[in-house]
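Undergrad: For reference, the sequence and a predicted model appear below.
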Amino acid sequence: MLALVILAARLLGPCDASDADPLRTVCPYLEALQELDHGRMAQRWAPDVVTVGAEGERGTVDLPAAREMRAFERKMRTRWVYTVDSVRADSVFVTLLEANDFYDLLGVGTRTQGAVYVVTGGRIAEMRTRSVSHPQGEFGAVYRQFKHWLLDTAQVRDAVMVEGDGLRFTAASAGPMREWLERWRRRASARPASSP
């Protein structure tokens with residue numbers, strides 16, 4: 001699956017923008033995302049950048065957590081590909097593909113995400129997620145199953161991997177999490193198929 005995402009990235013053309021175009025802000029941001037470069041991404045955010053999830057939940061960017069997520073993604077061999085779908089006034093509509101070992105080991109496959117980046121004063125002021133999908137399952141349900149299995153069945157309480165009732169996504173947690181994900185996949189593969 002990673003090979004398909006890398007091939008798609010090579011087929012996409014450059015991101016051209018005029019001086020007043022919000023693409024001048026968004027395209028360098030997306031290029032930094034492809035390189036998992038948190039510092040360059042953060043330079044494109046407004047100080048009070050807002051996130052809006054697919055269900056309408058609003059939040060802010062937690063800079064240390066975002067930096068750690070890029071490090072986690074690097075360890076999980078993450079590849080990002082983007083396509084600019086349209087530009088409307090100050091908003092850039094984008095389709096993102098995200099492939100990595102984490103999604104593959106969960107069994108859901110490459111994530112497709114619709115996003116909108118709203119630019120004000122040359123910075124990204126708002127990042128909206130419009131849609132999220134995986135070809136082989138609903139991520140939220142599968143992730144919750146994995147997390148509950150890990151916390152309850154496997155009795156994992158490793159501070160590197162677990163924080164409260166959630167999992168940590170850091171460079172340090174990536175190795176142990178990969179091992180648990182591989183056990184999860186072996187367990188899922190060993191289960192007999194359910195009868196109709």
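TA: Sure thing, it's come through.

Undergrad: What strand or helix carries residue 85?
TA: Per DSSP states H and E: residue 85 is located in strand 79-88.

Undergrad: Partner strands of that strand, with direction?
TA: Strand 79-88 sits in its sheet next to strand 91-99 (antiparallel), going by DSSP bridges.

Undergrad: I figured residue 165 hits residue 151, correct?
TA: Yes. Applying C-beta atoms under 8 Å, one finds residue 165 in contact with residue 151, separated by 7.3 Å. To be clear about C-beta, it is placed using only N, CA and C from the backbone, and glycine gets the same treatment.

Undergrad: Next secondary structure element downstream of the helix or strand hosting residue 144?
TA: In the assignment (DSSP H and E), residue 144 maps to helix 139-148. Using DSSP H and E, the helix or strand that follows helix 139-148 towards the C-terminus is strand 162-163.

Undergrad: ok, residue 52 touching residue 130?
TA: No. Using C-beta under 8 Å, residue 52 is not in contact with residue 130; the gap is 9.2 Å.

Undergrad: of those two, who's got more company?
TA: Using other C-beta atoms under 10 Å, the more surrounded residue of residue 52 and residue 130 is residue 52, with 17 against 14.

Undergrad: to the chain's geometric centre, what's the distance from the longest helix anywhere in the chain?
TA: Across the chain, the longest stretch assigned as helix under DSSP state H is helix 171-190. For helix 171-190, the separation from the chain centroid amounts to 18 Å (computed by C-alpha atoms, centre = their mean, to the nearest Å).
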